[in-house]
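**Student:** Build me a structure from this.
(2 chains)
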Amino acid sequence: MHVTWRTVELRMLLPLVVLVPLGFAITYSVQADVLAPGPLGLAVGYLAIMLGAHLVLTLSGHRGDQLLLPLVGTIGGIGLIFLNRLPQDLAGTSAFGVQLDMAATQLVWFGIGVVSMLAVAIGLRDDGLLRHYKYTWAMAGAALLVLTFVFGTELYGARLWLNVGPVQFQPGEFIKILLVVFIAGYLADNRALLTEATARIGPIRIPPWPYLLPMIAIFVMVMLMVVIMKDLGTALLFFGIFLTMLFVATGRRSYVLIGLLLFLAGSFVAYEAFGHVHDRIDVWLNPFANPSGPAYQTVQAIYAFSRGGLFGDGLGRGLLPGVGGSFPAIQTDFIFATIAEEIGLVGAFALLALALLLVFRGLRVAILAHDDFSAMLAVGLTASLGLQTLIIVGGNAKLIPLTGVTFPFVSYGGSSLLASFIVVGLLLSISHRSDREAARQRAGGAT
Amino acid sequence: MTDEVLRLLLLALQLGFLALLYLILFGFGRSLLRDLRSAERQQLASRTGIGRLAVLESPDDEPPAGRSISLGPINSIGRNVNNTIYVEDDFASANHAMLTFRGRSWFIEDQGSTNGTYVNGHRIDRPVALSYGDEMVIGRVRMRLER
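**Tutor:** Residues are numbered from 1 along each chain as shown, chains lettered A, B, ... in the order given. I've put the predicted structure just below:
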């Protein structure tokens, strides 16, 4: 068997061997007031997972993008350092007689996520399974949505959770991937026809109705999600992904403009209809009107950003985890505020730059793809990671109203982590296939 | 160890952590730049043209399966040797189909062939717009349009 060494991947993963244990040691030492390495097992476990993934990719002869795994590994490593630094009783699991606290639970999910990523990256040898069954995948997504509506549990005013036996998961994370697969398949099959504008509404040219109707159906579906899940963040994410893919497929700005106007209209309806959406917007517009009421989190986050300043208070020295006894959702929605407080603008900027590089790499996978379906899939998946980061960071920094989406690879949460790793697995699989195809073209008697 | 020493040591480690983070970021930036340069070279060397036709199946081996044919804007396909893409197959017509790039998309049109032209398993009766990744069958030759 021919083994291709993934040297770039290994070289970019190696600094984590220092970074992750260093972060663990600093946060532990600061909190315990002695110089000690802290929970070394967690750091070693994390490194083993990432280097193990590298080893499996190398041994399987994978030719996928070599920067995706190190980027994800670095972002996830920073996330784990902060999850370990937070009070461990915020979350956790006790299953099969084993009691795991928050960081350990997250590490287990890292393991499950990486294994799923490898299964997708290596197992998905061609895109037929995704492309030809796109309506089946869409139905699966719709079914999940209906299940959430019927059996879902409501938390903080949004219906996002589904209980399956002992496990609680967020179907929205997986519906997101199914939606991208379906839209990519649909756009790849009908791209040429969506680009040719024939019908008109007033001054705006629109594609022929038979091709427009499924697009409207997707729009309605996304809007239904808002009603069912009552969650503006997920809706904004889904709709952003949809518009990005539509724009990339057709190159028409008018679609994006119409879409954004429709979203604004939909948001206005949600603002009028749902109390908690109303509250979120009011908090965003005027957080200091009621700083100890609904705006408590936002106001404390703003203070945290301000305390952090340029270089931060230092790892483990932030005050946000301790305000008012405990700070709700600090391990999920407000992890970025904690990071910005402790490593400052400089550190937070580095984290955002890593996320940006991940998006850059995802778009590169799309550009190098050899067929429209793979390209659209890569664009949609990349947009999902990028927009989700943008929405939660923007919400933390009061740039946009706060909505409860997770920071991919950083926030605590199994569903989110698993879904994000599947996204990376799909990107790896696409880039593997396009690289193989390019090699075949170079070698295989191109005329 | 006094508190003062511990404090200074931790401060140094904090700064070291940030410095390492930026070193990693710098490393990623360098890899990306190197990658962009090599992509540019490859682009200049090989990638010209608007598309390729990969031959997936060809019982009579002309064109041979596995070959990737680079396409111009207008390509005629058929059993006549004067076609741009010559297909030696008993089930293909002399002038079988036209594959053209118009505006932003590829189109294929059957030229009144006996056995027809199939796109993704469906026989076509008028010019059909193609996406990259679509499969065509001419006679018994199966081909895929690629970027």
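**Student:** Is there a neighbour count for the closest residue to A:Leu67 other than its chain neighbours? I'd like the number.
**Tutor:** Once flanking residues are discounted, A:Leu67 sits nearest to A:Arg361: 5.3 Å by C-beta to C-beta, 6 or more residues apart in numbering or on different chains. Any C-beta I mention is one placed from the backbone N, CA and C, and that applies to glycine too. Neighbourhood size, A:Arg361 [other C-beta atoms under 10 Å in any protein chain shown]: 23.
**Student:** what's the answer for the one 3 residues further on, then?
**Tutor:** The local packing of A:Arg364 (other C-beta under 10 Å) involves 21 other residues.
**Student:** Which positions in whichever strand or helix holds it come out as buried?
**Tutor:** Counting by DSSP states H and E, the element that carries A:Arg364 is helix A:335-368. Neighbour counts over helix A:335-368 (16 or more other C-beta atoms under 10 Å in any protein chain shown) mark A:335-344, A:346-352, A:354-355, A:357-359, A:361-366, A:368 as buried.
**Student:** Skipping its backbone neighbours, what lies nearest the residue of chain B found nearest chain A in space?
**Tutor:** For chain B, the residue positioned closest to chain A under C-beta to the nearest C-beta is B:Gly133, at a distance of 2.7 Å. Nearest residue to B:Gly133, sequence neighbours excluded (C-beta to C-beta, 6+ apart): A:Asp371, at 2.7 Å.
**Student:** Residue 107: what's it in contact with?
**Tutor:** Using chain A. Residues in contact with A:Leu107, defined by C-beta atoms under 8 Å, 6 or more residues apart in numbering or on different chains, are A:42, A:45-46, A:49, A:80.
**Student:** I was thinking of chain B, sorry if that wasn't clear
**Tutor:** Residues in contact with B:Phe107 (C-beta under 8 Å, 6+ apart) are B:99-101, B:127-130.
**Student:** which phi and psi does the residue in the stretch 301-447 of chain A that chain B sits nearest to have?
**Tutor:** Among all residues of the stretch 301-447 of chain A, A:Asp371 sits closest to chain B, at 2.7 Å; criterion: C-beta to the nearest C-beta. The phi/psi pair for A:Asp371 (degrees, to the nearest 10) reads phi -140, psi 160.
**Student:** Could you report the distance from it to B:Ser58?
**Tutor:** Applying C-beta to C-beta, to the nearest Å, the value for A:Asp371 to B:Ser58 is 20 Å.
**Student:** A:Ile81 too?
**Tutor:** Per C-beta to C-beta, A:Ile81 is found 56 Å from B:Ser58.
**Student:** cool, and A:Gly79?
**Tutor:** To B:Ser58, A:Gly79 is 51 Å away according to C-beta to C-beta.
**Student:** Give me the more crowded residue out of those two.
**Tutor:** A:Gly79 (24 against 21).
**Student:** ok, and the more buried one, which helix or strand is that part of?
**Tutor:** helix A:68-85.
**Student:** and that helix, what does it pack onto?
**Tutor:** helix A:7-13, helix A:16-32, helix A:40-59, helix A:102-123, helix A:335-368, helix A:414-443, helix B:3-45 (3 or more C-beta pairs under 8 Å, 6 or more residues apart in numbering or on different chains; DSSP states H and E).
**Student:** Let's see that with 7 Å instead.
**Tutor:** helix A:7-13, helix A:16-32, helix A:40-59, helix A:102-123, helix A:335-368, helix A:414-443 (3 or more C-beta pairs under 7 Å, 6 or more residues apart in numbering or on different chains; DSSP states H and E).
**Student:** Now render those as CSV, adding distance to A:Ala378 and mean pLDDT.
**Tutor:** Supplementary listing: the helices and strands packed on helix A:68-85 in CSV, determined by distance: least, C-beta to C-beta, whole Å; pLDDT from 0 to 100:
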stretch, distance to A:Ala378, mean pLDDT
helix A:7-13, 19, 92
helix A:16-32, 25, 91
helix A:40-59, 18, 94
helix A:102-123, 13, 93
helix A:335-368, 4, 93
helix A:414-443, 5, 88
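**Student:** May I see the ones you listed arranged in a markdown table, with distance to B:Gly29 as well?
**Tutor:** Shown next, in a markdown table, are those (distance: least, C-beta to C-beta, whole Å):
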| stretch | distance to B:Gly29 |
| --- | --- |
| helix A:7-13 | 11 |
| helix A:16-32 | 17 |
| helix A:40-59 | 20 |
| helix A:102-123 | 24 |
| helix A:335-368 | 8 |
| helix A:414-443 | 20 |
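**Student:** Indicate which one of those is closest to B:Leu25.
**Tutor:** Between B:Leu25 and those, the shortest separation by C-beta to C-beta is 5.4 Å, and it involves helix A:335-368.
**Student:** what is the orientation angle of the closest one with helix A:68-85?
**Tutor:** Interaxial angle of helix A:335-368 relative to helix A:68-85 (axes from the mean of the first three to the mean of the last three C-alpha atoms, to 10 degrees): 170 degrees.
**Student:** What parts of chain B come near chain A?
**Tutor:** B:6, B:9-10, B:13-14, B:16-18, B:20-25, B:27-28, B:31-32, B:52, B:66-70, B:104-105, B:129, B:131-133, B:146-147 (C-beta under 7 Å from any C-beta of the partner chain).
**Student:** in chain B, which ranges drop under the pLDDT threshold?
**Tutor:** B:1, B:42-49 (pLDDT under 70).
**Student:** Let's see that with 80 instead.
**Tutor:** Applying pLDDT under 80 to chain B flags residues B:1-2, B:38-49, B:103-104.
**Student:** could you measure A:Gln31 against A:Ile330, distance?
**Tutor:** According to C-beta to C-beta, A:Gln31 stands 15 Å off from A:Ile330.
**Student:** before we move on, the earlier item: give me the contacts around the helix holding A:Gly79.
**Tutor:** Outside helix A:68-85, the residues that touch it by C-beta atoms under 7 Å, 6 or more residues apart in numbering or on different chains are A:9, A:12-13, A:16, A:19-20, A:23-24, A:27, A:39, A:42, A:46, A:50, A:53-54, A:102-103, A:106-107, A:110, A:315-316, A:331, A:335, A:338-339, A:351, A:354-355, A:357-358, A:361, A:409-410, A:412, A:424, A:427-428, B:24, B:28.
**Student:** now do stretch A:273-285
**Tutor:** With contact meaning C-beta under 7 Å, 6+ apart, stretch A:273-285 is reached by A:157, A:230, A:232, A:270-271, A:294-295, A:298, A:398, A:401-403.
**Student:** Now list the buried members of those residues.
**Tutor:** Neighbour-count burial (16+ other C-beta under 10 Å) applied to these gives A:230, A:232, A:270-271, A:295, A:298, A:398, A:401-403.
**Student:** So which of those residues sit within helices?
**Tutor:** Judged by DSSP state H, helices contain the following of the buried ones among the contacts of stretch A:273-285: A:232, A:270-271, A:298.
**Student:** which of the residues you listed sit farthest apart?
**Tutor:** The span of these, defined through C-beta to C-beta, is set by A:Ala270 and A:Thr298 at 19.0 Å.
**Student:** Residue 100: what secondary structure?
**Tutor:** Using chain A here. The assignment at A:Leu100 comes out as strand when based on DSSP: H, G, I helix; E, B strand; the rest coil.
**Student:** Switch to chain B, please.
**Tutor:** Counting by three-state DSSP, the backbone at B:Thr100 sits in strand.
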